[in-house]
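1. Need coordinates for the following:
(chains A and B, ligands or ions: 2)
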Amino acid sequence: MSFKDKTAIVGIGETDYVKGSGRSEVDMMLEASRKAIADAGMKPSDIDGIIPPPGYTYSEELAANLGVEDLRYAATINMGGASPNAAIQHAAIAIASGVCNSVLITLGWNGYTAMRPKPGQPPGRSAGIAVLNNAIQGFYLPFGVSAPVQMYSWLAMRHKQMYNTPDEATGHIAVACRKHAHLNDKAFMRGREMTMDDYLASRWVSEPMRLFDCCLETDGAAAVVITRADIAKDTAHKPVYIMGAAEGHPYPADDIATRPDPFRIGLSFATPKALEVADIKIHDVDFLQIYDCFTYVVMLQMEAMGLCERGEAYDFVKDGNIELGGRYPLNTHGGLLSQAHVWGLNHTTEAVRQLRGTAGESQVKDAELGLVTGWGDLGDGSIVILRN
Amino acid sequence: MANYLPEGLPSPAPMNDNLDVPYWEGTLAHKLVIQKCSNCNKHQWGPEWICNHCNSFDLSWTEVAQKGRIYSYERVWHPVHPALKDQGAYVVVLVELPDADNVRMVGNLLADPEADVPIGAEVEAVFEDHPGGDMPYTLVQWKLV
Ligand SMILES: [Zn+2]
Ligand SMILES: [Zn+2]
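-> Ligands and ions are numbered 1, 2, ... in the order given. All right, here's what the predicted structure looks like:
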């Protein structure tokens, strides 16, 4: 039994994306959730499934605050940054199989504030990402490796040397996301120009990654509401149907350094499954919302999904191909690189706007089929294929 | 020999599940000791509970050759841990061990941090002792052959 087209995203909500929210994570999630439920034209009591992020809150806490009396489906996905996007498949399966009718997915965090604790400020809650702790604490940290950028740099460096990947490849990704941010009201980097020369001149963080290869650190929350296709017809906006979705994990998932083929990531496994469910080809999609914690991670996913062959991402991203007006516009809201870092749930809200036809200045003409990915825990991947 | 990175990074040993104790005991004696399955003879790294290959519980620890090959590297410029604030650039390599089913280890390359690093180059282990503190430990570093 397939869940193809049996569910749809009918509501989206977001807080402002800021540096320094002064709010708790759950407070922001409740704002985004209320907005998403209202956007769908639903009442909180219509929600009977909740998938919170791994950390910061619980389904029970969200249900209590929202007044959801009959919570039939409460699950938590442990895939780091991929969790909110992976949750879409879980929602679709639960609804299509009759477990519940309408699922709320939310994520909120203080990605900026939590990194910069001030005296007197109450400590925020933490995310539950523990799967890689043994490898990092025991075998990376003594050698000065503790941040994800330092772990992806190993892959990026090998890619660069194996395939002669020019620095401009990741540069095109950074520049495209920045250009798109200029068209987005919520984008943190709106109005701040970045040319390829600016990109190439930015300082090294961990060679081969530069400052402008790294995403933003922001505070904020987003939420989406997913419901059954027959209910979706009577909601406030044009439904955005979930055609296909899948999740995947690299092997081994608990250590990145020792994977026999480090370019074989969660999406390498997930993409064929999602395409089979959706019954489309990867090149059919009209736009790409790809999880962009780092520019190189976007290239890695493009190659793993088969948008291009391994080692050929530079040819795929150059010549405006991933900019609005090109064949595969990427992260039309600016992405984590230039809009905000909301664990990629902002990629889903943007995909929904594109497929509703309400993306304003960044609208992809005649958008009918969209692709969204999630990435987390150093290689877990999720993919969702949406249509209007 | 001076240590490659300054003091102040957390001591690595041992994990709270104690799976890695034989590794750290080995490095203290300047031996490179990793997990090997007594049933199917596969090496595996990092330490796990059972053999990933045949699921045998009969894992042993075996000394392997102190030779490797650079699989990849990075040159870190931006210090993340406070102890590295004044460090400047340093190189972290991924080294695969051809004599142990090509498992990979993380370490620093003991060389000019700004010099070119040849992927595929042969390296050998250098044992960096940290005798101070409550729990002395030894790190495995690498130098070009
Ligand atoms: Zn995982
Ligand atoms: Zn075995």
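2. which parts of chain A sit against chain B?
-> Within reach of chain B by C-beta under 8 Å from any C-beta of the partner chain, chain A has these residues: A:134-135, A:137-147, A:150, A:153-158, A:161, A:203-209, A:211, A:252, A:255, A:257-258, A:260. Yep, even glycine has a C-beta here, placed from its N, CA and C like the rest.
3. go again using 6 Å as the cut-off
-> A:134-135, A:138-140, A:142-147, A:150, A:153-154, A:157-158, A:161, A:204-207, A:255, A:257-258 (C-beta under 6 Å from any C-beta of the partner chain).
4. Pull out the CA atoms of stretch A:352-360 and give them to me as PDB.
-> Extracted C-alpha coordinates of stretch A:352-360, given in PDB (Å, rounded to 0.1, in the frame of the first residue of the first chain):
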ATOM      1  CA  VAL A 352       4.400  24.900  -0.100                       C
ATOM      2  CA  ARG A 353       4.300  28.600  -1.000                       C
ATOM      3  CA  GLN A 354       5.800  27.800  -4.400                       C
ATOM      4  CA  LEU A 355       3.200  25.100  -5.100                       C
ATOM      5  CA  ARG A 356       0.400  27.300  -3.900                       C
ATOM      6  CA  GLY A 357       1.700  30.000  -6.300                       C
ATOM      7  CA  THR A 358       2.100  32.500  -3.400                       C
ATOM      8  CA  ALA A 359       5.900  32.800  -3.400                       C
ATOM      9  CA  GLY A 360       5.800  36.400  -4.600                       C
END
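5. got the buried residues for that stretch?
-> Going by neighbour count (16 or more other C-beta atoms under 10 Å in any protein chain shown), the buried part of stretch A:352-360 is A:Val352, A:Arg353, A:Gln354, A:Leu355, A:Arg356, A:Ala359.
6. and what of stretch A:45-65?
-> A:46-57, A:59, A:62-63, A:65.
7. Tell me how many other residues surround the residue in the stretch 201-350 of chain A that ligand 2 sits nearest to.
-> Distance from ligand 2 to each residue of the stretch 201-350 of chain A (C-beta to the ion) is smallest for A:Pro252, at 14.7 Å. Using other C-beta atoms under 10 Å in any protein chain shown, A:Pro252 has 16 neighbouring residues.
8. quick one, what contacts the residue nearest to A:Asn331 when sequence neighbours are not counted?
-> Setting aside the residues directly before and after it, A:Asn331 is nearest to A:Cys177 in space (C-beta to C-beta, 6 or more residues apart in numbering or on different chains), at 5.0 Å. Contacts of A:Cys177 were listed using C-beta atoms under 6 Å, 6 or more residues apart in numbering or on different chains, and they are A:Asn331, A:Gly334, A:Gly335, A:Leu337, A:Ser338.
9. what about residue 83, is that helix, strand or coil?
-> As the question left the chain open, I've gone with chain A. Following DSSP: H, G, I helix; E, B strand; the rest coil, we place A:Ser83 in the helix state.
10. um, chain B though
-> helix.
11. from what I can see it touches B:Pro10, true?
-> No - applying C-beta atoms under 6 Å as the test, B:Ala83 and B:Pro10 come out as separate, 8.8 Å apart.
12. how about the helices in the stretch 201-350 of chain A?
-> A:229-232, A:266-278, A:295-305, A:313-317, A:335-338, A:345-356 (DSSP state H, counting those that start in this stretch).
13. Same check on chain B?
-> B:21-28 (DSSP state H).
14. which parts of the stretch 201-350 of chain A sit against ligand 2?
-> Applying the criterion C-beta under 5 Å from the ion, no portion of the stretch 201-350 of chain A neighbours ligand 2.
15. now the strands for the stretch 201-350 of chain A?
-> A:204-207, A:209-210, A:219-228, A:240-248, A:287-289 (DSSP state E, counting those that start in this stretch).
16. Show me how far the second one is from its chain's centre.
-> Which is strand A:209-210. Here strand A:209-210 is found 21 Å from its chain centre; the criterion is C-alpha atoms, centre = their mean, to the nearest Å.
17. which helices and strands does that strand pack with?
-> On a contact count with 3 or more C-beta pairs under 6 Å, 6 or more residues apart in numbering or on different chains; DSSP states H and E, strand A:209-210 meets no helix or strand.
18. Need the contact partners of it.
-> A:Val149, A:Ser153, A:Ser202, A:Trp204.
19. what does the longest one give?
-> Outside strand A:219-228, the residues within contact range by C-beta under 6 Å, 6+ apart are A:7, A:9-15, A:17-18, A:21, A:28-29, A:32-33, A:36-37, A:40, A:91, A:95, A:101-106, A:108, A:110, A:112-113, A:340, A:342, A:345-346, A:348-349.
20. Residue ranges in chain B under the pLDDT threshold?
-> B:1, B:13-16 (pLDDT under 70).
21. Can you get me a residue count around A:Arg34?
-> Count around A:Arg34 with other C-beta under 10 Å applied: 15.
22. Identify the residues contacting the residue nearest to it when sequence neighbours are not counted.
-> Spatial nearest neighbour of A:Arg34, excluding adjacent residues (C-beta to C-beta, 6+ apart): A:Gly13 at 6.9 Å. Contacts of A:Gly13 were listed using C-beta under 6 Å, 6+ apart, and they are A:Ala32, A:Lys35, A:Ala36, A:Asp39, A:Ala223.
23. Closest one to ligand 2 out of the residues you listed, please.
-> Nearest member of the contacts of A:Gly13 to ligand 2, counting by C-beta to the ion, is A:Ala223, at 45.8 Å.
24. any idea how far that closest one is from chain B?
-> 31 Å (C-beta to the nearest C-beta, to the nearest Å).
25. Quick check: bridge partners of that residue?
-> As for beta bridges, A:Ala223 partners with A:Gly13, A:Thr106 under DSSP bridges.
26. what number of residues lie near it?
-> For A:Ala223, using other C-beta under 10 Å, the count is 31.
27. Check A:Gly325 too.
-> There are 9 residues near A:Gly325, going by other C-beta under 10 Å.
28. wait, isn't B:Thr62 in contact with B:Lys36?
-> Yes - counting by C-beta under 6 Å, B:Lys36 is a contact partner of B:Thr62 at 4.2 Å.
29. Which of the contacts of A:Gly13 fall within strands?
-> Among the contacts of A:Gly13, DSSP state E puts A:Ala223 in strands.
30. Next step: the contacts of A:Gly13 restricted to helices.
-> A:Ala32, A:Lys35, A:Ala36, A:Asp39.
31. For the second one, give me its contacts.
-> Just to be clear, that refers to A:Lys35. Counted by C-beta under 6 Å, 6+ apart, A:Lys35 has contacts A:Gly13.
32. Kindly recompute the last result at 7 Å.
-> Going by C-beta atoms under 7 Å, 6 or more residues apart in numbering or on different chains, A:Lys35 touches A:Gly13, A:Glu14, A:Ala223.
33. Now name the helix or strand holding A:Cys177.
-> helix A:167-181 (DSSP states H and E).
34. nope, A:Gly108 is what I was after
-> strand A:102-110.
35. and the angle from that strand to helix A:345-356?
-> Interaxial angle of strand A:102-110 relative to helix A:345-356 (axes from the mean of the first three to the mean of the last three C-alpha atoms, to 10 degrees): 130 degrees.
36. Excluding chain neighbours, what is closest to residue 58?
-> Just so you know, I chose chain A. That would be A:Pro52: by C-beta to C-beta, 6+ apart, it lies 6.1 Å from A:Tyr58.
37. My question was about chain B, not that one.
-> B:Ser38 (4.3 Å).
38. Quick check: the gap between the one you found and ligand 1.
-> Separation of B:Ser38 from ligand 1 (C-beta to the ion, to the nearest Å): 29 Å.
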